[in-house]
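Peer 1: dropping a prediction and its sequence here:
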Amino acid sequence: MIASEDTEQAAYHNRVERLCDPTHVRALPESEFNQLFAVAGLQVLFQPTVTLSYSVAEWMDHGGPDEATAREIVALLEASVDVDRTGLNVRREDGVLRFSHSAMVFLVQPAVG
C-alpha cells in the first residue's frame, strides 16, 4: 500500500487505517520506499502500481472496528469526498462510499557500483 506524497493526506490516510486496524503502523509514500532502498544499497528494477478499489463497508470488515469507530471512519472518509484529504479517491458510486488504495510491488537487487 502506498500513501500520498502529500504529508497531510498521508497522515489523514494513516489515521483512518489505524482506526480500522489498530495494528496498522504507517503506509509509506513511493519516494520513501525508494529512499530506503537507496540507503540499503538496493536498485529498483521494476515497480508496477495497481489500484485496488473497495466499498468502505467491505474494507472495514477486515479490521472489524466497533460501531462508534466505524461511524468515525465513515465521517472522516465522507469529509474526503469533496476535498481530497486522504489521497484515496474517496467517492460515492451508486450511493456507496468507496475509495481506492494504490499498491506497488518493488523488484530490487543490490546496486551495481
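Peer 2: Ah, there it is.
Peer 1: contacts, neighbours, all on C-alpha from now
Peer 2: OK.
Peer 1: longest helix in this structure, please.
Peer 2: Ranked by residue count, the top helix of the chain under DSSP state H comes out as helix 7-20.
Peer 1: and the lowest-mean-pLDDT helix or strand in the chain, how far out from the chain's middle?
Peer 2: Here the helix or strand of the chain ranked lowest by mean pLDDT, DSSP states H and E is helix 56-63, holding a mean of 92. With CA atoms, centre = their mean, to the nearest Å as the basis, helix 56-63 stands 14 Å off its chain's centre.
Peer 1: now for the following helix or strand past that helix, which elements pack on it?
Peer 2: Next along the chain after helix 56-63, taking DSSP states H and E as the criterion, comes helix 67-78. Where contact means 3 or more CA pairs under 8 Å, 6 or more residues apart in numbering; DSSP states H and E, helix 67-78 is packed against helix 7-20.
Peer 1: which residues sit against the helix it packs on?
Peer 2: Outside helix 7-20, the residues that touch it by CA atoms under 8 Å, 6 or more residues apart in numbering are 3-4, 24-29, 60, 63-65, 69-70, 73, 76-77, 84-88.
Peer 1: restricted to buried residues, select these in PyMOL.
Peer 2: Only the buried entries of the contacts of helix 7-20 go into this PyMOL selection, using 16 or more other CA atoms under 10 Å:
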select buried, resi 3+4+26+28+29+60+63+65+70+73+76+77+85+86+87+88
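Peer 1: show me which strand runs longest in the protein.
Peer 2: When secondary structure is assigned using DSSP state E, the longest strand within the chain turns out to be strand 96-104.
Peer 1: buried set for that strand?
Peer 2: The neighbour-count check on strand 96-104 (16+ other CA under 10 Å) flags 97, 98, 99, 100, 101, 102 as buried.
Peer 1: mind giving me TSV with these and columns for distance to residue 18 and pLDDT?
Peer 2: Output for the buried residues of strand 96-104, formatted as TSV (distance: CA to CA, whole Å; pLDDT from 0 to 100):
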residue	distance to residue 18	pLDDT
97	19	98
98	18	98
99	16	98
100	17	97
101	15	95
102	17	95
